[in-house]
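> next comes the sequence, and after it the predicted model I'd like to discuss.
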Amino acid sequence: MQGYTDIRTQGLVARLPAGWRPYALLARLDRPIGSWLLFLPGLWAFAMAAPDWAEGLRLTLLFGIGAVAMRGAGCVVNDLWDRDIDRQVERTRGRPLAAGTVTPFQALCFLAGLCTVGLLVLVQLNLTAILFGLCALVPILLYPLAKRVTNWPQAMLGLVFSWAAPEGIAAATGRIDAAALLLWAAGFCWILGYDTIYAHQDREDDAAVGIGSTALRFGEDTRPFLAACYGATLALLAAAGWAAGLHWAFLPGLLLPAALLARQVATLDIHDPGHCLVLFKANREVGLAIALAFLLGRM
């Protein structure tokens, strides 16, 4: 793993003014996969429950902007907590706070700006969605602490990154119902699985600095754990679609995401960090396929 990092300084980041680049890296704009994964459970909700196409597209745009802003805000919070740890981990020592290219005060000012964008998005929603969205601040702030006290920080991330599912149902319908809770649970299991894959990139470094992860908890037994997470995801997605009253056509539509998830389980190599990152990123296509399945159930 010597020299391994997933920080990308090329592409869009390289075209920004030099003074902006550390902030783009701090918000992980070089790696948009995180924003996609935060956004996709919301897309599932709109595919399942939006009252019409116009409202579905409006909410999709709002949640897309909010996902970029709040994913960035979460990364700033995480890096403020973890800057000392990040200096000791090969993959993360180049992060702006760990490397000293952004100061903590500058990061806090940037965080305030990102949260302002998120708030402007939130107030475009109905009251139920606004109140539920504000509750997300608690797990966002607590997530960086989880790895210090438990081997299950991926569960806390699962809670945070799946929040857009019930939030999206609330935004589309004005309520949190059984379908919203089942969709939330499906997202939680999906995230618990894919973030365990992601955590295998840092397994040795995490053990050396004394922080926990499900990658360390399960080690060589990760494949059956991953299969259980993804199996539960598919069962809960089917239950959510049934609770929402979707047409039966969404069930065969779930075969595509099932095949994509099965491929991750079959090809996982926990000793290859580069391939773990490839499998992690492949979940964007999984999430889009799930949304497509739900759309089939609305036709």
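All right, it came through fine. Numbers count the residues shown, from 1 in each chain.
> any idea how far stretch 118-126 is from the middle of the chain?
Counting by CA atoms, centre = their mean, to the nearest Å, stretch 118-126 is centred 20 Å from the centre of its parent chain.
> okay, now that stretch: how far is its last residue from its first?
Taking CA to CA, to the nearest Å, stretch 118-126 runs 15 Å from one end to the other.
> buried residues of that stretch, list them for me.
Judged by neighbour count using 16 or more other CB atoms under 10 Å, the buried positions of stretch 118-126 are Gly118, Val121, Leu122, Leu125. C-beta: built from backbone N, CA, C; applies to glycine.
> what's the closest of these to Asp202?
Gly118 (27.4 Å; CB to CB).
> what's the spacing between the closest one and Gly274?
Separation of Gly118 from Gly274 (CB to CB, to the nearest Å): 32 Å.
> re the thing from before, in helices only, show me the buried residues of stretch 118-126.
Gly118, Val121, Leu122 (DSSP state H).
> dump the residue contacts of the last one.
So that's Leu122. Counting by CB atoms under 8 Å, 6 or more residues apart in numbering, Leu122 touches Gly66, Ala129, Ile130, Gly133, Leu134.
> tell me the secondary structure for the third one?
Pointing back at Ile130 there. Three-state call for Ile130 (DSSP: H, G, I helix; E, B strand; the rest coil): helix.
> closest to Leu141 out of the ones in helices among the buried residues of stretch 118-126?
Gly118 (13.6 Å).
> can you give me the distance of that closest one to Val138?
Remark: distance between Gly118 and Val138 (CB to CB) = 15 Å.
> could you do Leu255 as well?
From Leu255 to Val138 the distance is 37 Å (CB to CB).
> one more: Leu59?
Per CB to CB, Leu59 is found 23 Å from Val138.
> what do you get for Met299?
For Met299, the distance to Val138 equals 38 Å [CB to CB].
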